[in-house]
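J.: Next input, structure requested:
(chains A and B)
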Amino acid sequence: MSRYNAREVEPKWQKTWEDGNVFRAEIDRSKPKYYVLEMFPYPSGKIHIGHGRNYVMGDVVARFKRAAGFNVLHPMGWDAFGLPAENAAMEQKVHPGKWTYANVETMKSQLKLLGLSIDWSREFATCDPAYYKHQQKMFIDFYKHGFVARKEANVNWDPVDHTVLANEQVIDGRGWRSGALVEQRKLTQWFFKIADMAEELLTAIDDLDRWPDKVRLMQRNWIGRSEGARVTFTLTDPKHKSLEVFTTRPDTLFGASFCAISPDHPIAQDLASKNKALVDFIAECKRIGTTEAAIETAEKMGFDTGIKAKHPFVEGQTLPVYIANFVLMEYGLGAIFGCPAHDQRDLDFARKYGLPVIPVVIPDGENPKTFTVGKEAYVGDGKLFNSDFMDGMSVPDAKRAVIKKLEAMKAGTGTVTYRLRDWGVSRQRYWGCPIPMIHCTACGVVPVPDKDLPVKLPEDATFDQPGSPLERHPTWKNVACPSCGKPARRDTDTMDTFVDSSWYFARFCDNTATLPTNKEAVDYWLPVDQYIGGIEHAILHLLYSRFFTRAMKASGYAGVSEPFAGLFTQGMITHETYKDPDGKYLFPEEVERRDDMAVKRGTNHRVTIGAVEKMSKSKKNVVPPEAVADTYGVDAARWFMMSDSPPERDSEWSDSGIEGAWRFVQRVWRIVGEAAPALPAPGAPAPASFSPAALELRQVAHRTIVAVTEGLERFRFNTSVARMYEFVNFLADYKPAGADGHWALREALEILVVLMNPMVPHLAEECWQALGHKALVVHTAWPKADPALTRQDTVTIAIQVDGKRRDEITMAKDADAKAVEAAVLALETVVKAIDGRRVKKVIIVPNRIANIVVER
RNA sequence: GCCCUCUUGGCGGAACUGGUAGACGCAACGGACUUAAAAUCCGUCGUUCGCGAGGACGUGCCGGUUCGAGUCCGGCAGAGGGCACCA
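T.: The predicted structure is shown next:
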């Protein structure tokens, strides 16, 4: 019996599958369809283990579903536009397209190495004009259907490089290359009007029952529906007569001690036009950056405008109006009233500027005369006080009452707002899908006519200077207005790459369609039955795709509203990060461990070991899969990736453990090879009866079918693996005797091979052949467990006395509770544990546990 | 700061829906086989007390609910993800 040689065996079967077009998917209405999709990769250079786990997981599902009788679609493509290609262009003087396609080549061969059951005929890259042409077409259709708007938004501006920076490129408020303090600039940009769809996207979450609850919750929170009120304050300023604010706590209006508006609020902007101090203040607010995290963690700052707002209910009471850095223009109305006693941010602000803190809600049981708010705002439930007509009301009653009163006075109205903002899609970059719009001084914004699509990126762009290559290209932007024919200019922005990934799953249904989608194909294949990807995409990518699919449906390109019926979010693969003395990241293979320290390989340079973080190219903490596959074979790597961590959990990559997977591969091969010569022919009729040993083997085999199948269905790949280990351990000890024993062994080995096929498909084919089969395992149906063999006749019941385990007893399954009680109380160990005390209660949980509660 | 997770032996983890904590794998240790090594096979493996039978403790920490909590509730700590221009 020769050793299993993965290097020879694996390419052989990959060729067999490829030559036979085994994974080509076609519409076939005689079978139920199953669309399994892993989030497609950005071609950053190389596949790492984190990707590998994702794709192997999807492949296990695809192969399992195929065996279970489904018509499976399992495609792959490339999320090929993005910032790293442009950075590479600047650093390495290589065109982004060339860089990207080179990476695609590398990564495709790596994926092929993994033996994935992918229909490669459907492959495409989003940077191909044949793909983005359709995206431009849909952009225009969405524009015509009212899903697109044009408005101003803030961007990070690097004043030295004259470039718009991504949030990632802003480090501690400075540009990553220039080191200049980043400013915010307003630009007019294109938006998808996702906010208009907030309610629809929110309520539809209820029906996504095959999505993880945590993702549904995150999306709900992101959309952030909140009921509240708009309140109009009359201002003392001669120019600005009134201020409208949004609040979720109108009930606390009597506790208001100030109003605050965003630095972007029109009133703030107007006041700044004649106030130098205010200009400086706003500039300082802007320096914090555009990210919510930065704004929320920054120290609260306010600028007193001197304007006063009149309290709507209290005659003569006025509130100072501040401009404050923590008020976002994008949320609500960009203006609030502050009630420090019942909002932490307002409290921090009030303490800093010496504003009054008046509690108006009191927790039950507190004395209104002595109740005060110190360092912590009281945000809980309670009864209103200090609040005139609301005194004594609960918070919800008070909200209703105050809105009613405001409406009667025409000083406000009840309203619903959402945290979700419109999706800004304009990017001042080269390597993206050009926005197919033309700006004409006479006609305004004019869409590019269909016949002129695609608007292709110019090949001869330059990357040797900062700024937008499209903007500075000498000729590209000059174009005749499609409407009046006079000279006009193209939009020089490209689309956010999230647009590319918001519909690729629909294009996979037919990547040759002349329209963006082929209606017959999308109606057949969509929605994706099982979508698999990292939890880091739980909000943006998934929400954008849900929006985009709805917009496609409205434009006639899709028949469904929800793109992903089932979602599995896998945990991230993490690894330590390493930095050399210059602070540059190092790859793990560049690092050498010496005792307690780490040094750069081949040198004595001390390496700093940083945090354990998700594998990413920018941090270099990646492990390529080939190293593992070269040594142990792809199947061992696949098996190991599925065996250790539960897939939804983050896990830190370690090299130990892969040897165990390799031993498993060898062991299965040895067991099959040693047994094969003595087995009956494939398909031999079953003997009439079985010896006890043969029967036990059959029971173990059939119980393994049940357990492994359930594990795969529930994405518990690691427990399926454990059950197969147990099965193999049992098989290794099994000594067949007689014809029945050999028949049972063939049955068991065939079950094992088919069950392990989704995870170790090359080994499975090789074993299947060794067992005398001519057909491929990939064409073999999933085994069905025989209920007569999986039935359990006896059970072990644990016995507790006062909740402490004392003994166990084997009983017939579903034995009568009275019989169990009698048997348990008769046991010597139990009598001893009771020790003569009075038995208060006996709890019998059928087939599980007996607990005897005694007097203490 | 806000939202969402996670925390079980030396390590990865198992434990259906509140019912025998530690399946399975890794590492380690002891032994068999071998001239030797590799491979393979057998065994031990949460902590602690005990010669032993057996007992006590034990699922990040503090508290609660329950006959019974890794699992449910409240609080705390640590780690990770997201926060709208990384993908």
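J.: pLDDT of stretch A:505-519, averaged?
T.: Averaging pLDDT along stretch A:505-519 gives 97.
J.: end to end, how far does it reach?
T.: End-to-end distance for stretch A:505-519, by C-alpha to C-alpha, to the nearest Å: 13 Å.
J.: That stretch near RNA strand B at all?
T.: No: Stretch A:505-519 lies out of reach of RNA strand B by C-beta under 7 Å from any atom of the strand, never closer than 14.5 Å. For every residue, glycine as well, the C-beta is placed using N, CA and C.
J.: what comes up buried for that stretch?
T.: Buried residues in stretch A:505-519, defined by neighbour count with 16 or more other C-beta atoms under 10 Å: A:Phe505, A:Ala506, A:Arg507, A:Phe508, A:Cys509, A:Asp510, A:Asn511, A:Ala513, A:Pro516, A:Thr517, A:Asn518.
J.: in terms of contact, does the second one touch A:Gly559 like I think?
T.: No: using C-beta atoms under 8 Å, A:Ala506 and A:Gly559 do not qualify as a contacting pair, with a distance of 10.2 Å.
J.: what residues are shared contacts of those two?
T.: Taking C-beta atoms under 8 Å, 6 or more residues apart in numbering as the contact rule, A:Ala506 and A:Gly559 both touch A:Val522, A:Leu526.
J.: what's the closest non-adjacent residue to A:Phe337?
T.: The shortest distance from A:Phe337 to any residue other than its chain neighbours is 4.5 Å, reached at A:Ala256 (C-beta to C-beta, 6 or more residues apart in numbering).
J.: Would you point out the helix or strand in chain A whose mean pLDDT is lowest?
T.: Lowest by mean pLDDT, DSSP states H and E among the helices and strands of chain A is strand A:591-594, with a mean of 69.
J.: just checking, what packs against the helix or strand just after that strand?
T.: Using DSSP states H and E, the helix or strand that directly follows strand A:591-594 along the chain is strand A:597-600. The contact analysis (3 or more C-beta pairs under 8 Å, 6 or more residues apart in numbering; DSSP states H and E) places strand A:597-600 against strand A:591-594.
J.: Quick check: A:Ser178 vs RNA strand B, distance?
T.: Distance of A:Ser178 to RNA strand B, computed by C-beta to the nearest atom of the strand, to the nearest Å: 15 Å.
J.: what does A:Phe23 give?
T.: As judged by C-beta to the nearest atom of the strand, A:Phe23 and RNA strand B stand 25 Å apart.
J.: Could you check how many residues crowd around A:Lys274?
T.: Each residue near A:Lys274 was counted by other C-beta atoms under 10 Å, and the total is 8.
J.: Equivalent analysis for A:Pro487, please.
T.: By other C-beta under 10 Å, the residues close to A:Pro487 number 11.
J.: For it, give me its contacts.
T.: Applying C-beta under 8 Å, 6+ apart, the residues contacting A:Pro487 are A:Asn478, A:Val479, A:Ala480, A:Cys481.
J.: Make a markdown table out of those residues and add secondary structure, distance to RNA strand B and neighbour count.
T.: Shown next, in a markdown table, are those (DSSP: H, G, I helix; E, B strand; the rest coil; distance: C-beta to the nearest atom of the strand, whole Å; neighbours: other C-beta atoms under 10 Å):
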| residue | secondary structure | distance to RNA strand B | neighbour count |
| --- | --- | --- | --- |
| A:Asn478 | strand | 23 | 11 |
| A:Val479 | strand | 23 | 18 |
| A:Ala480 | strand | 28 | 12 |
| A:Cys481 | coil | 25 | 18 |
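J.: For RNA strand B, what's the nearest residue on chain A?
T.: Scanning chain A for the residue nearest RNA strand B gives A:Gly660, at 2.5 Å (criterion: C-beta to the nearest atom of the strand).
J.: For that residue, which non-adjacent residue is closest in space?
T.: Sequence neighbours aside, A:Phe640 is the residue nearest to A:Gly660 in space, at 7.5 Å (criterion: C-beta to C-beta, 6+ apart).
J.: Close to RNA strand B: what parts of the stretch 501-650 of chain A are there?
T.: With C-beta under 7 Å from any atom of the strand as the criterion, the stretch 501-650 of chain A meets RNA strand B at residues A:501, A:535-541, A:572, A:574, A:611-614, A:616, A:618, A:643-646, A:649-650.
J.: Mind checking which of these land in strands?
T.: Here DSSP state E is the test, and these give A:Thr574, A:Ala611, A:Val612, A:Glu613, A:Lys614 as lying in strands.
J.: My read is that A:Glu589 contacts A:Arg601, right?
T.: Yes: counting by C-beta under 8 Å, A:Arg601 is a contact partner of A:Glu589 at 7.5 Å.
J.: which residues do the two both contact?
T.: Shared contacts of A:Glu589 and A:Arg601 (C-beta under 8 Å, 6+ apart): none.
J.: Name the helix or strand for the residue nearest to A:Gly660, please.
T.: Assigned by DSSP H and E, A:Phe640 falls in helix A:634-643.
J.: just checking, what packs against the helix or strand just after that helix?
T.: Going down the chain from helix A:634-643, the next helix or strand is strand A:651-652, by DSSP H and E. Other helices and strands packing on strand A:651-652, by 3+ C-beta pairs under 8 Å, 6+ apart, are strand A:573-579.
J.: Packing partners of the helix or strand just after the strand it packs on?
T.: Scanning forward in sequence from strand A:573-579 by DSSP H and E, the next helix or strand is strand A:585-586. With contacts taken as 3+ C-beta pairs under 8 Å, 6+ apart, strand A:585-586 sits against strand A:573-579.
J.: Just the mean pLDDT for the strand it packs on, thanks.
T.: Mean pLDDT, strand A:573-579: 75.
J.: helices and strands around that strand, which ones?
T.: Using 3+ C-beta pairs under 8 Å, 6+ apart, strand A:573-579 is in contact with helix A:49-67, strand A:585-586, strand A:608-614, strand A:651-652.
J.: Would you reformat the ones in strands among the residues of the stretch 501-650 of chain A next to RNA strand B as a markdown table and include neighbour count?
T.: Formatted as a markdown table, these follow (neighbours: other C-beta atoms under 10 Å):
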| residue | neighbour count |
| --- | --- |
| A:Thr574 | 18 |
| A:Ala611 | 9 |
| A:Val612 | 13 |
| A:Glu613 | 14 |
| A:Lys614 | 17 |
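J.: So which of the residues you listed is the closest to A:Ala798?
T.: Comparing these against A:Ala798 with C-beta to C-beta picks out A:Thr574 as the nearest, at 38.0 Å.
J.: quick one: contacts for that closest one?
T.: Contact analysis of A:Thr574 by C-beta under 8 Å, 6+ apart lists A:Val612, A:Glu613, A:Lys614, A:Met615, A:Asn621, A:Asp650, A:Ser651, A:Glu652, A:Trp653.
J.: Let me have those residues in TSV, extended by pLDDT.
T.: Shown next, in TSV, are the contacts of A:Thr574 (pLDDT from 0 to 100):
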residue	pLDDT
A:Val612	71
A:Glu613	75
A:Lys614	76
A:Met615	78
A:Asn621	77
A:Asp650	77
A:Ser651	74
A:Glu652	73
A:Trp653	74
